[in-house]
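Q: need coordinates for the below:
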Amino acid sequence: MIFRNILHLVWVAFIIAAPCFGDDSALPLSSEEQGWINKNLTVRVRIGNIPPFMITDGKIQGIAIDYLTYIFNRNGIKYKYISESEVTWPQALKYIEQHDVVDMVPTAKVTEERKKTMIFTDEYIFAPWVIFTRSDADFISSIEDLKGKTLWSQNSVGFGPPWQISKQANHLLRQSWQLHERSKSGKYAV
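A: Numbers count the residues shown, from 1 in each chain. Next up, the predicted model:
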C-alpha cells in the first residue's frame, strides 16, 4: 500500500511541483513514505515511443520523461525504464494489476476499467482526440459523419479501436456500425 502511495505522490508532483522547476527542495513526505524511499527500491517505468511525450529512438527523452527524471532525482527515488520491446502495452497493464515487472506507465489514458487497478492523477498533458482526413475528403463535423467510413486508430500504443475515441462515438459505433475486419496497423473497415 505504501508503494502505491509513493507512486501516487510522484504523479501528484507532476501537477503541483514539476511545472515550477524553480524550487529544488524535496517533496514533503510522511515518515512512512520517507521510510519507503530509504529502502532504496526501484520504480519500474514502462516507456514507449510516443513523441513528443516519450521518445525511445536513441536517447530516452520527451515531456513525460523530463517530468519523471526531475521528480525522481529531486526526491532521491531510484527508477528503471522498461522499453516496449521488453514489455508490450497489454503486458504492462497486466503487470501493473499484478504488481509485477512494471510499476508505472506515464501518459496512460484514464478509463473506468483502468481505474480499478491503477492510480491516476489529474491530467498533466493534454492531447485532444482529432480526426485527420484527406484535403479532398468531405468535411467531418460530427461523430455521425463517420458512419460508413473506414477509420484508423493508433492501436499499437493502446488507444484501442475507434469506438474508444470518445464517449459520443461509443453508442454510434457499437450500435450502427458493423466491424468487418481489423489489421495489425489499426485500420478498421466498417
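
Q: now do E123 against T150, distance only.
A: According to Cβ to Cβ, to the nearest Å, E123 and T150 sit 30 Å apart. To be clear about C-beta, it is placed using only N, CA and C from the backbone, and glycine gets the same treatment.

Q: repeat for T69
A: Taking Cβ to Cβ, one finds T69 at 40 Å from T150.

Q: now do E113
A: According to Cβ to Cβ, E113 stands 26 Å off from T150.

Q: same question for R74.
A: In terms of Cβ to Cβ, R74 sits 47 Å off from T150.

Q: neighbour-wise, which of these two wins?
A: Neighbours were counted for R74 and for T150 using other Cβ atoms under 10 Å; R74 has more, 17 against 11.

Q: so what pLDDT did the more buried one get?
A: R74 is assigned 88 on the pLDDT scale.

Q: do F139 as well
A: Looking at F139, its pLDDT is 86.

Q: E97 too?
A: We note a pLDDT of 92 for E97 in this prediction.

Q: quick one: contacts for the residue nearest to it when sequence neighbours are not counted?
A: Distances taken as Cβ to Cβ, 6 or more residues apart in numbering place T117 nearest to E97, at 4.2 Å, with adjacent residues excluded. Counting by Cβ atoms under 8 Å, 6 or more residues apart in numbering, T117 makes contact with 93, 96-97.

Q: of these - the most surrounded one?
A: I96 (22 neighbours).

Q: now the strands: where do they sit in the chain?
A: Using DSSP state E, the strands of the chain run over 42-46, 78-82, 151-152, 181-182, 187-189.

Q: where among these is average confidence lowest?
A: strand 181-182 - the lowest mean pLDDT of those, at a mean of 44.

Q: measure I65 to E97 for me?
A: Remark: distance between I65 and E97 (Cβ to Cβ) = 24 Å.

Q: oh, I was asking about T42
A: As judged by Cβ to Cβ, T42 and E97 stand 19 Å apart.

Q: same question for K78.
A: 23 Å.

Q: do I37 as well
A: To E97, I37 is 24 Å away according to Cβ to Cβ.
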